[in-house]
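*Asks:* What follows is a predicted protein model with its sequence.
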Amino acid sequence: MHNLDHDDCQDIRDAVRALCAEFPNEYHRKIDEQRTYPEDFVDALTRAGWMAALIPEEYGGSGLGLSEAAVIMEEINRAGGNSGACHGQMYNMNTLVRHGSEEQRQRILPKLATGELRLQSMGVTEPTTGTDTTQLKTTAIKKGDKYVINGQKVWISRVQHSDLMILLARTTPLSEVKKKSDGLSIFLVNIKEAKKSGMTVRPIPNMVNHETSELFFDNLEIPEENLIGEEGKGFKYILTGLNAERTLIAAECIGDGYWFTDRVVNYVSERNVFGRAIGQNQGVQFPIAEAYIEIEAANLMCKKACDLYDAGEPCGAEANMAKYLAAKASWEAANSCLQFHGGFGFACEYDVERKFRETRLYQVAPISTNLILSYVAEHVLGLPRSF
Ligand SMILES: Cc1cc2nc3c(=O)[nH]c(=O)nc-3n(C[C@H](O)[C@H](O)[C@H](O)COP(=O)(O)OP(=O)(O)OC[C@H]3O[C@@H](n4cnc5c(N)ncnc54)[C@H](O)[C@@H]3O)c2cc1C
């Protein structure tokens with residue numbers, strides 16, 4: 001099938017594809033059924049250097065850009081896997097690369113590159129404030145050479161498969177800042193240490209095999225050297241990471257989209273009902289063609305977001321639009337793939353129902369579709385703010 005993957009990253013694409021081929025759909029299905037973590041797969045990606053793609057060469061990584069990272073994530077999903085198990089490392093380490101001190105970079109990045117440490121988690125969302133991030137209630141109060149953290153987070157992914165987490169907390173009360181986005185700071189949390197001294201982790205069973213938890217902080221002390229960047233500027237730093245996250249998730253959805261389209265095209269070409277292939281009916285062809293067109297369009301926007309990000313240009317609009325288009329396209333591809341598999345779409349052994357659940361998440365997380373529409377309406381089109 002012709003598509004947009006004939007790009008500058010063909011070597012990377014081929015190499016990741018070859019690695020993913022060693023972990024067939026049966027592997028990912030079993031991990032999903034057992035609700036376990038794809039340890040072997042993530043280890044293999046780390047050993048091959050793919051998890052260190054964004055780490056500069058002087059810290060042991062390969063110094064690639066978001067464009068290459070996006071190809072890695074896309075290929076994992078396109079092969080039938082779920083990048084959700086490991087994508088956190090990509091965008092979190094980028095926050096450290098861009099905003100961490102030299103001391104932090106030297107202390108952490110080489111260990112991430114070898115796989116000695118994992119930085120898979122980012123703690124932003126809170127139960128009482130949701131998407132209204134600047135209202136978050138978790139506080140970090142400076143006491144001597146430490147920050148003391150109190151509060152609660154929800155839906156924080158991969159804490160049980162990560163050594164480090166980036167945490168967003170308020171260091172200056174809302175009443176004392178000019179802009180509501182001021183006074184927030186980001187910290188590097190050593191998860192194992194934190195669990196022994198003030199952080200409680202409560203896993204949330206959910207629809208996908210996506211390990212995610214509630215976190216409770218009760219006087220957790222963090223050494224001041226774990227503050228990333230300047231105190232009070234954390235929201236700005238998190239936004240850079242969020243643009244990378246949205247773009248990478250767009251790439252994953254594009255990978256899902258191609259997986260669903262390949263699957264359904266093969267299936268409807270083979271499946272005979274009423275004496276002919278069901279794929280001969282335009283009622284079957286058109287939804288598949290429509291989803292495919294949208295995947296290709298999303299791919300173009302994703303590439304644009306990657307190029308801008310790698311050039312250090314603003315890319316908020318493109319990252320959000322790429323994520324919106326890709327999540328919508330993969331969902332439509334998922335829906336027609338399930339529909340045209342008929343009853344077999346529901347059988348676990350076809351993997352369609354698993355991928356259907358996995359791709360559905362991206363209408364809600366890491367940012368819901370409505371909030372992207374709101375961003376474009378207000379920040380791109382200049383419409384009056386609704387909140
Ligand atoms: C499996 C999973 C993993 C996650 N991992 C992480 C993680 O690692 N780290 C992290 O920090 N968070 C994580 N999240 C949280 C995720 O980012 C949020 O769930 C998401 O941003 C939506 O926030 P919320 O759930 O609080 O919904 P809410 O903010 O309560 O919104 C609920 C719904 O209302 C709509 N809505 C809200 N306000 C408006 C408005 N003004 N106009 C129109 N519609 C509106 C939203 O679009 C949404 O559909 C994860 C979530 C899930 C489900």
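*Replies:* Arrived safely. Numbers count the residues shown, from 1 in each chain.

*Asks:* So which residues of the protein form helices?
*Replies:* 10-21, 25-34, 39-47, 66-78, 87-99, 102-114, 191-196, 234-270, 282-310, 316-340, 352-360, 369-375 (DSSP state H).

*Asks:* I'd like to know which of these lies nearest to residue 176.
*Replies:* Judged by Cβ to Cβ, the one of the helices of the chain that comes nearest to residue 176 is helix 234-270, at 15.2 Å. C-beta here means a position set from N, CA and C on the backbone, and glycine is covered the same way.

*Asks:* The helix or strand bottoming out on mean pLDDT in the chain close to the ligand?
*Replies:* Lowest mean confidence among the helices and strands of the chain (mean pLDDT, DSSP states H and E): helix 87-99, at a mean of 90. No - legend: contact between helix 87-99 and the ligand by Cβ under 6 Å from any ligand atom is lacking; minimum distance shown is 6.7 Å.

*Asks:* Show me what counts as buried in that helix.
*Replies:* Going by neighbour count (16 or more other Cβ atoms under 10 Å), the buried part of helix 87-99 is 87, 88, 89, 90, 91, 92, 93, 94, 95, 96, 97, 99.

*Asks:* Report all helices and strands that that helix contacts.
*Replies:* helix 66-78, helix 102-114, strand 121-123, strand 164-170, strand 184-190, strand 227-228, helix 234-270 (3 or more Cβ pairs under 8 Å, 6 or more residues apart in numbering; DSSP states H and E).

*Asks:* could those be laid out in a markdown table, adding mean pLDDT and mean neighbour count?
*Replies:* Supplementary listing: the helices and strands packed on helix 87-99 in a markdown table, determined by pLDDT from 0 to 100; neighbours: other Cβ atoms under 10 Å:
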| stretch | mean pLDDT | mean neighbour count |
| --- | --- | --- |
| helix 66-78 | 98 | 27 |
| helix 102-114 | 97 | 17 |
| strand 121-123 | 97 | 27 |
| strand 164-170 | 98 | 26 |
| strand 184-190 | 98 | 24 |
| strand 227-228 | 98 | 22 |
| helix 234-270 | 96 | 24 |
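
*Asks:* Just give the nearest non-adjacent residue to residue 104, would you?
*Replies:* residue 96 (6.4 Å; Cβ to Cβ, 6 or more residues apart in numbering).

*Asks:* For the one you found, give me its contacts.
*Replies:* Each residue near residue 96 by Cβ atoms under 8 Å, 6 or more residues apart in numbering is listed here: 104, 105, 108, 109, 119, 166, 188, 228.

*Asks:* so can I have a markdown table of the helices and strands packed on helix 87-99 showing distance to residue 327?
*Replies:* Formatted as a markdown table, the helices and strands packed on helix 87-99 follow (distance: least, Cβ to Cβ, whole Å):
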| stretch | distance to residue 327 |
| --- | --- |
| helix 66-78 | 12 |
| helix 102-114 | 28 |
| strand 121-123 | 19 |
| strand 164-170 | 23 |
| strand 184-190 | 26 |
| strand 227-228 | 28 |
| helix 234-270 | 5 |
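
*Asks:* Present those as JSON lines; the columns should include distance to the ligand.
*Replies:* Converted to JSON lines, the helices and strands packed on helix 87-99 look like this (distance: least, Cβ to the nearest ligand atom, whole Å):
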{"stretch": "helix 66-78", "distance to the ligand": "15"}
{"stretch": "helix 102-114", "distance to the ligand": "17"}
{"stretch": "strand 121-123", "distance to the ligand": "5"}
{"stretch": "strand 164-170", "distance to the ligand": "8"}
{"stretch": "strand 184-190", "distance to the ligand": "12"}
{"stretch": "strand 227-228", "distance to the ligand": "16"}
{"stretch": "helix 234-270", "distance to the ligand": "9"}
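
*Asks:* Which one of those lies nearest to residue 349?
*Replies:* The nearest among these, by Cβ to Cβ, is helix 234-270 at 12.8 Å.

*Asks:* could you say what helices and strands the closest one packs with?
*Replies:* Taking 3+ Cβ pairs under 8 Å, 6+ apart as the contact cut, helix 234-270 packs with helix 66-78, helix 87-99, strand 164-170, strand 184-190, strand 276-277, helix 282-310, helix 316-340, helix 352-360.

*Asks:* Which other helices and strands does the shortest one contact?
*Replies:* Using 3+ Cβ pairs under 8 Å, 6+ apart as the contact test, the elements touching strand 276-277 are helix 234-270.

*Asks:* Okay, angle between the helix it packs on and helix 282-310 too, please.
*Replies:* Helix 234-270 and helix 282-310 are oriented at 150 degrees to each other (axes from the mean of the first three to the mean of the last three Cα atoms, to 10 degrees).

*Asks:* Okay, now the unreliable bits of the stretch 1-150 of the chain?
*Replies:* Residues of the stretch 1-150 of the chain meeting the criterion pLDDT under 70: 1-7.

*Asks:* What residue in it comes nearest to the ligand?
*Replies:* residue 130 (2.6 Å; Cβ to the nearest ligand atom).

*Asks:* Ramachandran coordinates for that residue?
*Replies:* With angles defined as degrees, to the nearest 10, residue 130 sits at phi 50, psi -130.

*Asks:* For residue 339, see how far away the residue of the chain positioned farthest from its centre is.
*Replies:* Most distant from the centre of the chain: residue 275, at 43.9 Å, with distances by Cα atoms, centre = their mean. To residue 339, residue 275 is 21 Å away according to Cβ to Cβ, to the nearest Å.

*Asks:* Pull up the residues of this protein that are close to the ligand.
*Replies:* Residues of the chain lying near the ligand (Cβ under 6 Å from any ligand atom): 122-125, 130-131, 155-157, 206, 210, 212, 361, 364-368, 370-371, 374, 387.

*Asks:* Which entries within those residues meet the buried criterion?
*Replies:* Buried among the residues of the chain next to the ligand by 16+ other Cβ under 10 Å: 122-125, 155-157, 210, 212, 361, 365-367, 374.

*Asks:* separation between the closest residue to residue 356 other than its chain neighbours and residue 23?
*Replies:* Nearest non-adjacent residue to residue 356, counting by Cβ to Cβ, 6+ apart: residue 334, 4.6 Å away. Applying Cβ to Cβ, the value for residue 334 to residue 23 is 21 Å.
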